[in-house]
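S.K.: Quick one, structure for this:
(4 chains)
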There are 2 protein chains.
Amino acid sequence: MEQVTGRIREFNRYYTQRIGVLTDHYLGQRSLGEARLLYELSRDPDVRSVRARLGLDSGYLSRLLRALERQDLITLERHPEDGRARIAVFTAAGRAAVSDLDTRSDESVATLVDPLTPDQRRRLADAMDEVQRLLRIAAIEVQPVAAGSAVARSCLHEYAEELSRRFPEGYGPDDLLPASAFAFFLVASDGVAPVGCVGLRVLSPGVGEIKHMWVSPSARRLGVGRRLLASLESSAADLGFTELRLSTHEALPEAIALYQALGYAEIPPYGDDVHGQRFFSLPLFR
Amino acid sequence: MEQVTGRIREFNRYYTQRIGVLTDHYLGQRSLGEARLLYELSRDPDVRSVRARLGLDSGYLSRLLRALERQDLITLERHPEDGRARIAVFTAAGRAAVSDLDTRSDESVATLVDPLTPDQRRRLADAMDEVQRLLRIAAIEVQPVAAGSAVARSCLHEYAEELSRRFPEGYGPDDLLPASAFAFFLVASDGVAPVGCVGLRVLSPGVGEIKHMWVSPSARRLGVGRRLLASLESSAADLGFTELRLSTHEALPEAIALYQALGYAEIPPYGDDVHGQRFFSLPLFR
DNA sequence: GAAAGTATCTGACTAAAGTCAGGTAATCTC
DNA sequence: GAGATTACCTGACTTTAGTCAGATACTTTC
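M.R.: Residues are numbered from 1 along each chain as shown, chains lettered A, B, ... in the order given. Okay, the predicted model is just below:
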């Protein structure tokens, strides 16, 4: 571990120093805060979501917006669906400023990699992808959300889509439990998008049933399922559950393997789930 | 190229955002400027060289140093060889502060990679090494230096060392030309250390001789030799030379291949270099 | 329809980070 | 040994990047 830490720190020192030089260049005369905000708004004009994403103080953001307005780069309009919120509308000058920022940024990167051969450039991009992919994995966090929330619904939608492709008998939205059925619902997210989910419903006092576990295809074989289950088990134990059960399907061998690896024991069929073919149970201790 | 640029920008956005979060943590209550300076001084107490490396304003640096002195972390002493310059001497508290910074930094990196498996961590470190290696290659610059300068001498020293290993007849420091023999001398550097060199001496009016071309083993096969020669050729042409010559040795097949690939034509022996076995020439045009 | 919550704005403030001009002492160059 | 250069210092200043405490208008929840 120490070796890896040292190498990462060395990389970080080198990279930040190298990139600092670049940053100065592509900003032109604009400040970093303004440039970043301008760029983010150009991709997503919703002020509220940009604020959340960049983690800015509302006062600070408000002043930055005022500065962009004074420069006639944007105007702020009322959000069509929520009168409290604002959306940024770019003026012609604003669009020009964004594209200028874009060009400068492209140019400074091009200057950076110019001495490299095409092959070296490709290797650089590949290595950066690998770094980013691994950092994204490291960023995956499991958190409880409301089963009716937008993020939970989007996970369940993808879950149903996938099962409909994999189950010979098919699977439809009607096979999903209603949000009210869940005692709690967990979503794994990598900080950008959800990459997995799982819910728990009460079967009988002290007995919970694991339902609708899903891992995004882009995040398979990275330990997301394992972490979702670990989190679910510990939350369930805290809530006083003493046993977890689940039913799964022959068409999901990776799920079956995971349950077996985590100590779930196969049990006789229970319940009336039409898709249930294999059944498992795990005792919980506090 | 556009694709690669976009991927690099995407990486940069993600990385800087991710790392910003880390930075807050390991600083403790110290400001970024102070912490960075403290760290740099702990590796190299020479104020002058740290100032050059970090590119700081002298007034700003002076104030930062005063702050570190006030906190009893360092004392400033006169540089033993230059009464104008200062070196930082760490107090016990200063050494403790550096090691504290070090520990925090290690910890925050460890927290970052904690969710990864050991294999994933190794892959992360490897990918970071690749990124850094390629960025370092991209940073290589060829610049003229005085043939008697410290950097030129250190290149020539390594050059002689290597030839003494590769030439059956041996090679010693006495085989090197004196600094005064060169019309000009070029060094390739990656921003950290020199990675190659080449010198030109005058054979006769309009005819220059390429001497002592060397590429550091750590930078072979990266196009450094090619760039050194391109730079030398254009400088020589600017100075009015119309022909370049060189002698090389059978024990250096990679050099011979490079000269041939760049259009140097083999010519009959000339001069009296005891190590000369193969001879090449290139006409120059302005 | 009242209460609670949300999205933004405003004013007042702070610390960090840096710039610039001018000064002193030491050293280098001729 | 004069003049230029270098390394650093000091004072005065600016910009950036925030924080915090309320105020206001709108929306959601009960």
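S.K.: so where's the stretch 1-150 of chain A shaky on pLDDT?
M.R.: A:1-2, A:21, A:24 (pLDDT under 70).
S.K.: Output the set of residues of it in proximity to DNA strand D.
M.R.: A:31-34, A:56-60, A:63, A:82-84 (Cβ under 7 Å from any atom of the strand). For every residue, glycine as well, the C-beta is placed using N, CA and C.
S.K.: for the stretch 151-286 of chain A, same thing?
M.R.: So the stretch 151-286 of chain A never meets DNA strand D (Cβ under 7 Å from any atom of the strand).
S.K.: which stretches of the stretch 151-286 of chain A form strands?
M.R.: A:184-189, A:194-204, A:207-215, A:243-248, A:265-266, A:278-283 (DSSP state E, counting those that start in this stretch).
S.K.: ok, and for the last one, which residues are buried?
M.R.: Looking back up the chat, that one is strand A:278-283. Buried residues in strand A:278-283, counted by 16 or more other Cβ atoms under 10 Å in any protein chain shown: A:278, A:279, A:280, A:281, A:282.
S.K.: now for that strand, which elements pack on it?
M.R.: strand A:243-248, helix A:253-261, strand A:265-266 (3 or more Cβ pairs under 8 Å, 6 or more residues apart in numbering or on different chains; DSSP states H and E).
S.K.: Can you tell me which of those is packed in deepest?
M.R.: Ranked by mean neighbour count, the helices and strands packed on strand A:278-283 are led by strand A:243-248 with a mean of 20 (mean count of other Cβ atoms under 10 Å in any protein chain shown).
S.K.: contacting residues around it?
M.R.: Residues outside strand A:243-248 that contact it (Cβ atoms under 8 Å, 6 or more residues apart in numbering or on different chains): A:200, A:203, A:206-211, A:213, A:232-233, A:236, A:255-256, A:259, A:264, A:267, A:269-271, A:273, A:275-284.
S.K.: if we go to 7 Å?
M.R.: A:203, A:206-210, A:233, A:236, A:255-256, A:270-271, A:273, A:276, A:278-284 (Cβ atoms under 7 Å, 6 or more residues apart in numbering or on different chains).
S.K.: same check, this time on stretch A:89-96
M.R.: Residues contacting stretch A:89-96 (Cβ under 7 Å, 6+ apart): A:42, A:45, A:72, A:73, A:74, A:75, A:77.
S.K.: List the buried residues for stretch A:27-37?
M.R.: A:27, A:30, A:34, A:35, A:36, A:37.
S.K.: list the contacts for residue A:183?
M.R.: A:200, A:201, A:202, A:208.
S.K.: Now, of the residues you listed, which are buried?
M.R.: Counted by 16+ other Cβ under 10 Å, these give A:200, A:201, A:208 as buried.
S.K.: who's in contact with the last one?
M.R.: What it means is residue A:208. A:183, A:200, A:201, A:202, A:236, A:241, A:244 are the contacts of residue A:208 under Cβ under 7 Å, 6+ apart.
S.K.: Using a markdown table, lay out those residues together with distance to residue B:3 and pLDDT.
M.R.: A markdown table is the format used below for the contacts of residue A:208 (distance: Cβ to Cβ, whole Å; pLDDT from 0 to 100):
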| residue | distance to residue B:3 | pLDDT |
| --- | --- | --- |
| A:183 | 47 | 91 |
| A:200 | 44 | 95 |
| A:201 | 46 | 94 |
| A:202 | 51 | 94 |
| A:236 | 46 | 95 |
| A:241 | 50 | 96 |
| A:244 | 47 | 97 |
